[in-house]
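**Q** Would you be able to build a 3D model of this:
(one chain, ligands or ions: 1)
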Amino acid sequence: MKTPVSAPAELIVALDVPTRTDALQALRQLPASVRFVKVGLELFVAEGPRVLKDVAASNRHCFLDLKFHDIPRTVANAVRTAAQHHVFMLTVHAHGGATMLRAAAEAAAECGTAAPRIVAVTTLTSLNQDDLAQIGVTRPIAAHTLALGQLAIASGCDGLVCSPLEVAFFRRDLGVAPLIVTPGVRPAGAARGDQKRVATPAEAVRAGSSFLVVGRPILDAPDPAAAAESVLQDMRSAQIS
Ligand code: C5P
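**A** Sure, this is the predicted structure:
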C-alpha cells in the first residue's frame, strides 16, 4: 500500500552519515515519533540498498534522495529498481527536463501499490543568485525555481523540493495538491552550514511545506532525540497557531 501522506507536515531526518554502523546508531537514537528518514548519496554510495532494509526494519518510511538526473530510460529503470526496495518517495532533478521527469513519473505509476512518489529538486538550497549566475542562469532565483517546479508538476511528478522561503510562492501558484519537500530548515540559532536559503521548522510549516528535511541540526546535536523532539514541537506549534 502507498504510504499515506497526511495533511499535517511531517519531519524527515536526513541520515547523512558515512557508514551503516552510524546509520543503525542514528535509527536507534531517534524517537519513534520520527516516522520518516532520508537516505542520500553519502550513505547509499557507501552501503547500498541494505540500508533501505535497515530503515524498514526500524519501522520508518524511507525517502531515497539520490537526485536522479540522466537520460529518460536510465532514470525510469532506476525508479523501477528503487520501487523494489519499498522507498516511499524519491528525488529526480528538474533540470533533467520534461521527458526525463515524465519517464520517472510513468515508471513509478507502473509500480502500482509500491509506486514511490516522485519529487523534483528545483534549485538546491545551497545555491544563491551568484551561484546561479556562475552556471549561466540569469533570471531571478525565484522565477527560475518556480519555472522548474511548474515543469515538474506539468510532467506528472507528485511534488517538488525547494527552499522553505519558496513554499508560499509555490502554494499560490500550484495549490494544495503537490507535495512540497523542504530542506534548508534550521531551528532558531542553529548553524546554517552550507545552506543559504533557510527558515525555522515553524516557518516552513506555516508556509505550507509537506515534508521538512532536517539533517545536521538533529544528528550533530549532543542529544539527537531531544533535538528531533524540539523540531517536532516547533512544527506542532505552527500547526495549532
Ligand atoms: O544537514 P541539513 O539539514 O542541511 O541536510 C539537508 C539535507 O537535504 C541534505 O541531505 C541535503 O542533501 C538535502 N537537500 C538539500 N537541498 C536540496 C535537496 C536536498 O539540502 N535542494
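**Q** I'd like to know how far the closest residue to residue 31 other than its chain neighbours sits from residue 231.
**A** Distance criterion CB to CB, 6 or more residues apart in numbering; nearest residue to residue 31, sequence neighbours excluded, is residue 225 at 5.0 Å. All C-beta spots, glycine's among them, are computed from the backbone N, C-alpha and C. Relative to residue 231, residue 225 is positioned 11 Å away (CB to CB, to the nearest Å).
**Q** so residue 82 touches residue 90, yeah?
**A** Yes: applying CB atoms under 8 Å, one finds residue 82 in contact with residue 90, separated by 5.3 Å.
**Q** what do these two both touch?
**A** 64, 116 (CB atoms under 8 Å, 6 or more residues apart in numbering).
**Q** tell me the contacts of the residue in the chain positioned nearest to the ligand?
**A** The chain approaches the ligand most closely through residue 215 (2.7 Å), counting by CB to the nearest ligand atom. By CB under 8 Å, 6+ apart, the contact list for residue 215 reads 13, 14, 16, 38, 183.
**Q** Out of those, which are close to the ligand?
**A** Contacts with the ligand within those, counted by CB under 6 Å from any ligand atom: 14, 16, 183.
**Q** taking those residues one by one, which sit in strands?
**A** residue 14 (DSSP state E).
**Q** any chance of the ones next to the ligand among the contacts of residue 215 in a markdown table, plus pLDDT, neighbour count and distance to residue 118?
**A** Formatted as a markdown table, these follow (pLDDT from 0 to 100; neighbours: other CB atoms under 10 Å; distance: CB to CB, whole Å):
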| residue | pLDDT | neighbour count | distance to residue 118 |
| --- | --- | --- | --- |
| 14 | 98 | 22 | 19 |
| 16 | 96 | 20 | 22 |
| 183 | 94 | 26 | 17 |
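**Q** Just the pLDDT for residue 124.
**A** As predicted, residue 124 sits at a pLDDT of 88.
**Q** and residue 99, that one's in a helix?
**A** Yes: per DSSP: H, G, I helix; E, B strand; the rest coil, residue 99 lies within a helix segment.
**Q** Nearest residue to it in space, please, no chain neighbours.
**A** residue 72 is the one closest to residue 99 (CB to CB, 6+ apart), at 5.1 Å.
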